[in-house]
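>>> Based on what follows, work out the 3D shape:
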Amino acid sequence: MTTKNYLTPNQQKELKKNPYVKAVSNKAITYTDEFKRLFITENEFGKFPREIFEDAGFDIEMMGMTRIHKAAARWKTAYQNQGITGLEDSRKYSSGRPLERELSLEEKYARLEAKTRLLEAENELLKKLDFTRKADGEEKIKIAPELKFELINQIIKKYKLKRMVSYLCEVMDVSRSGFYNYFDEKSIQKRAIKGGSDEVVKNIILKAYHFRGRKKGARQIKMTLQNQYQITYNLKRIRRIMKKFEIVCPILKANPYRRMAKATKEHRTCPNELQRNFKQGLAGKVLLTDITYLNYRSGKRAYLSTIKDAETNEILAYEVSDKITLDIALDRLHQLRRRHSHIRNDAFIHSDQGFHYTNPTYQKLVKKMNLGQSMSRRGNCWDNAPQESFFGHFKDETNIKECETLEEVKQEVKCYMIYYNYYRGQWNLKKLPPAKYRQQLQQVA
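Numbers count the residues shown, from 1 in each chain. Below is the predicted model of the structure:
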């Protein structure tokens, strides 16, 4: 069992609940005289130190056996040399420090005022920090000990409270020794060196963050550094630097599923042959298609139609139009046939039940191309989830809303499709862009 050299604040709190503990610091535990006497008595009756501590309600894993053995040896020696008197804590009589006394009214008021000022400063800090929200919406707020030390130091200097270090450390639930170590000259020098190193890493991360004009999150930055600059950084390091320098990644917004026009009586739907089995290990076998709305300046709207390879996530065909006619779907099939020879003979195309895909003309062209056809259940966007996910990322990472004209929209879409297919690594594709991942699959096959 390993030695526990330091006790965390939570462990200290837990230990303080034990009636046999007088005081706890990050390094030491002060036991009551009663427990020492109990220990000697039970040990003389043959009980092992571990058993005595466990029966007294101590967590052995938390404390470590080395700490227990040292305490046992110390008490046995004191008992052998001085008897019961040797087990008494004599530090309060020999330390030269006065015994604890009742604080005066003025001292209580001064402490209360100092605590209020410190908590006000803490609240101001929390307003500036980003909160990590749990799934149920509850806020999980944590302040690093270093920030607490800075707050305490700030309050002490501002209000000249040098004699309240111990009290303010107690209020903030940090150790006094940690506070003094943090402001030690050597520690300050180390932080300065580390800060300079962080600046260098920040500049490298920003290169990846702005690569091809698309802002990225930590995982995208890691893949971009690896694929484009041959630099490997730990994901935790990237996240720490981003947090430190407030480099904010785009947040994936909810992508509400919008139904297109429903099939009419003349249109026929197809069964759901895919059954969400998107990844079948072969490029060019499972094709996904859909249409989404693109809103841009002055309340204008365009439509984006895409065909995606479910295995590689590559966008094989796309078109932007200001009209949502049948042609936007038919032209994608013609484009697919012209540009991609790797489509398999047993390939099939999966879509929702929009009127484009149930239209007899569309279904006739699908059959002519020797493709099978599959459709999601009505109103169930999960049956075409990878395609919906692509539209979500697309809208987060493009600047469609800033476009003034349809031509600008088309240009922005074209730039993004090149970036997405050839440069944007994906975590589940061995951190490679879709087109490169397809090439790897084809080489293996």
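
>>> what residues are up against Arg240?
With contact set as Cβ atoms under 8 Å, 6 or more residues apart in numbering, Arg240 has no partners. C-betas here are computed from N, CA, C, even on glycine.

>>> That one: what secondary structure?
With DSSP: H, G, I helix; E, B strand; the rest coil as the basis, Arg240 sits in helix.

>>> ok, it to Asp198 distance?
Computed as Cβ to Cβ, to the nearest Å, the Arg240 to Asp198 distance reads 8 Å.

>>> Pull out the buried positions in stretch 284-295.
By neighbour count on 16 or more other Cβ atoms under 10 Å, the buried set for stretch 284-295 is 284-292, 294.

>>> My guess is Lys430 contacts Tyr437. True?
Yes - the criterion here is Cβ atoms under 8 Å, and Lys430 meets it with Tyr437 at 6.6 Å.

>>> Now the spatially closest residue to Asn43 that is not a sequence neighbour: which helix or strand?
Spatial nearest neighbour of Asn43, chain neighbours left out: Ile52 (6.5 Å); criterion: Cβ to Cβ, 6 or more residues apart in numbering. Per DSSP states H and E: Ile52 is located in helix 49-55.

>>> So the residue nearest to Asn43 sits against Phe39, correct?
Yes - if you go by Cβ under 8 Å, Ile52 and Phe39 touch, sitting 5.4 Å apart.

>>> Mind checking which of those two has more residues around it?
Phe39 (24 against 20; other Cβ atoms under 10 Å).

>>> helix/strand/coil for that one?
Judged by three-state DSSP, the three-state class of Phe39 is helix.

>>> so what pLDDT did it get?
Looking at Phe39, its pLDDT is 91.

>>> how far away is it from Ala329?
82 Å.

>>> rewinding a little: more neighbours: which of Lys430 and Tyr437?
Tyr437 (22 against 11).

>>> did I read that right, the more buried one in a strand?
No - counting by three-state DSSP, Tyr437 is not part of a strand but helix.

>>> distance of it from Leu282?
For Tyr437, the distance to Leu282 - Cβ to Cβ - is 13 Å.

>>> mind listing what's buried in stretch 184-198?
Result for stretch 184-198 [16+ other Cβ under 10 Å]: buried residues Asp198.

>>> and the buried residues of stretch 284-295 as JSON lines, adding distance to Leu304 and pLDDT?
Shown next, in JSON lines, are those (distance: Cβ to Cβ, whole Å; pLDDT from 0 to 100):
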{"residue": "Gly284", "distance to Leu304": "22", "pLDDT": "92"}
{"residue": "Lys285", "distance to Leu304": "24", "pLDDT": "94"}
{"residue": "Val286", "distance to Leu304": "20", "pLDDT": "95"}
{"residue": "Leu287", "distance to Leu304": "16", "pLDDT": "96"}
{"residue": "Leu288", "distance to Leu304": "14", "pLDDT": "96"}
{"residue": "Thr289", "distance to Leu304": "11", "pLDDT": "96"}
{"residue": "Asp290", "distance to Leu304": "9", "pLDDT": "95"}
{"residue": "Ile291", "distance to Leu304": "7", "pLDDT": "95"}
{"residue": "Thr292", "distance to Leu304": "5", "pLDDT": "95"}
{"residue": "Leu294", "distance to Leu304": "6", "pLDDT": "96"}
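
>>> And the furthest pair within the residues you listed?
Farthest apart among the buried residues of stretch 284-295 by Cβ to Cβ are Lys285 and Leu294. That separation is 28.8 Å.

>>> Which residues are in contact with Ile84?
By Cβ under 8 Å, 6+ apart, the contact set of Ile84 is Arg37.

>>> Run a quick check on Val171 versus Lys115, I expect a contact.
Yes - with contact defined as Cβ under 8 Å, Val171 reaches Lys115; the gap is 5.3 Å.

>>> following the helix holding Ile52, which helix or strand shows up next?
For helix 49-55, the succeeding helix or strand toward the C-terminus, using DSSP H and E, is helix 60-63.

>>> Now the next helix or strand after that following helix - C-alpha only, PDB.
Note on helix 60-63: by DSSP H and E, the next helix or strand toward the C-terminus is helix 65-82. Coordinates of each C-alpha in helix 65-82 appear next as PDB, following Å, rounded to 0.1, in the frame of the first residue of the first chain:
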ATOM      1  CA  MET A  65      -0.400   2.100   6.300                       C
ATOM      2  CA  THR A  66       2.900   4.000   6.600                       C
ATOM      3  CA  ARG A  67       1.200   6.800   8.500                       C
ATOM      4  CA  ILE A  68      -0.500   4.300  10.800                       C
ATOM      5  CA  HIS A  69       2.700   2.400  11.600                       C
ATOM      6  CA  LYS A  70       4.600   5.600  12.300                       C
ATOM      7  CA  ALA A  71       1.900   6.800  14.700                       C
ATOM      8  CA  ALA A  72       1.800   3.400  16.400                       C
ATOM      9  CA  ALA A  73       5.600   3.400  16.900                       C
ATOM     10  CA  ARG A  74       5.600   6.900  18.300                       C
ATOM     11  CA  TRP A  75       2.900   6.200  20.800                       C
ATOM     12  CA  LYS A  76       4.400   2.900  22.000                       C
ATOM     13  CA  THR A  77       7.800   4.600  22.600                       C
ATOM     14  CA  ALA A  78       6.200   7.400  24.500                       C
ATOM     15  CA  TYR A  79       4.200   5.000  26.600                       C
ATOM     16  CA  GLN A  80       7.200   2.900  27.400                       C
ATOM     17  CA  ASN A  81       9.300   5.900  28.400                       C
ATOM     18  CA  GLN A  82       6.700   8.000  30.300                       C
END
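
>>> pLDDT (mean, whole number) over helix 65-82?
Helix 65-82 comes out at a mean pLDDT of 89.

>>> for it, packing partners?
Counting contacts by 3 or more Cβ pairs under 8 Å, 6 or more residues apart in numbering; DSSP states H and E, helix 65-82 packs against strand 29-31, helix 33-44, helix 49-55.

>>> 10 Å instead, please
Under the contact definition 3 or more Cβ pairs under 10 Å, 6 or more residues apart in numbering; DSSP states H and E, helix 65-82 sits against strand 29-31, helix 33-44, helix 49-55, helix 60-63.

>>> List the buried residues in that helix.
Neighbour counts using 16+ other Cβ under 10 Å place 65, 67-68, 71-72, 75-76, 78-79 of helix 65-82 among the buried residues.

>>> Repeat that for stretch 400-420.
Buried residues in stretch 400-420 (16+ other Cβ under 10 Å): 400, 403, 406, 409-410, 412-413, 416-417, 419-420.

>>> Those in helices, which ones?
If you go by DSSP state H, these have 406, 409-410, 412-413, 416-417, 419-420 in helices.

>>> can you put those residues in CSV and add pLDDT and distance to Lys222?
What follows is those, written out as CSV (pLDDT from 0 to 100; distance: Cβ to Cβ, whole Å):
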residue, pLDDT, distance to Lys222
Leu406, 96, 36
Val409, 97, 31
Lys410, 96, 31
Glu412, 96, 26
Val413, 97, 26
Tyr416, 96, 21
Met417, 97, 23
Tyr419, 96, 17
Tyr420, 96, 17
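
>>> Thanks a lot, catch you later.
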